[in-house]
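*Asks:* quick one: sequence and predicted model below, then my questions.
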Amino acid sequence: MTFSYQINDVISDYNRDLYNEVSSKIKIELKKDYSLGWTAKIKDNKAIITYNKAEFPDACFSHELLHIKYELNGLEMPFVKDEEGAGSIIPFIFNQLCHFKIYPDFYDMGFNEEEFLNDKDKDETIHLAKRDLRLLKETYIKNGIILGSAALLLPYLVLKSSHDKSDSTTQFIKELKSYGNTNFFDEVDAILGDWMNNVSIDSSMTFARLFKACNMLRVGFCLSGEDQDIIIAGNL
């Protein structure tokens, strides 16, 4: 027999208030999808949450509800002025930044870090970490310490934004830091801490600071799309 979740199956005492808040603003529809797993998007004035079987389905549902909540409140990817060819990595970084923004709410609801990612995401995180660390190790052996760059930032965001404190993730982060310069990781930690603690959901400054740390100085961000509002990384 195939399984399915109905809304009542994924509502618990932990997320009931969140569900009531979000569902009062937009219709929520659950769709089973073995290939996508748990995702959330707003389409045609509906919040569509796809799902797969999970160890903690109420936690997975809460994670996606928070994505919807913050999108309804205005969290969106900023306009990008890109003269570095960075366009392909910006949506990826934005998704990781969303995880940093929603995690405090997730934790305050009573969930823990082990429940933040669904089963498929955990496996994907491990796969990406192993792949990137292998490539970084090869670069390190050939050229020595790797300076601040997107090559260091992307795996670091993946490992940190899961908020997973397992031994394997801790070891991955330790290995990653051994290939790069310490100041870079300290700077990224400070940027992410400011983003998590700031009530603003405009990620433009956070993006610009991250790209400056990666020495990608000719990329700018703003929500309005107006030239006078663009924050250029190299101008910080």
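*Replies:* In hand now; what should we look at?
*Asks:* from residue 209, how far off is residue 190?
*Replies:* Residue 190 sits 9 Å away from residue 209 when distances are taken as CB to CB, to the nearest Å. Any C-beta I mention is one placed from the backbone N, CA and C, and that applies to glycine too.
*Asks:* got it, and residue 88?
*Replies:* With distances taken as CB to CB, residue 88 is found 20 Å from residue 209.
*Asks:* lowest confidence element among the helices and strands of the chain?
*Replies:* helix 119-143 (a mean of 90; mean pLDDT, DSSP states H and E).
*Asks:* and that helix, what other elements does it pack with?
*Replies:* With contacts defined as 3 or more CB pairs under 8 Å, 6 or more residues apart in numbering; DSSP states H and E, the packing partners of helix 119-143 are helix 150-161, helix 167-179.
*Asks:* which residues touch the residue nearest the centre of the chain?
*Replies:* The centroid of the chain falls nearest to residue 96 when counting by CA atoms, centre = their mean (1.7 Å). When contacts are counted by CB atoms under 8 Å, 6 or more residues apart in numbering, residue 96 touches 157, 158, 161.
*Asks:* secondary structure element for it?
*Replies:* helix 90-108 (DSSP states H and E).
*Asks:* also residue 221?
*Replies:* In the assignment (DSSP H and E), residue 221 maps to strand 219-222.
*Asks:* average pLDDT for the helix or strand just after that strand?
*Replies:* Toward the C-terminal end, the helix or strand that comes next after strand 219-222 (DSSP H and E) is strand 231-232. Per-residue pLDDT over strand 231-232 has a mean of 98.
*Asks:* what strands flank strand 231-232, and is each parallel or antiparallel?
*Replies:* Strand 231-232 pairs in its sheet with strand 219-222 (antiparallel), by DSSP bridges.
*Asks:* settle it for me: which of residue 88 and residue 209 has more neighbours?
*Replies:* Neighbours were counted for residue 88 and for residue 209 using other CB atoms under 10 Å; residue 209 has more, 21 against 8.
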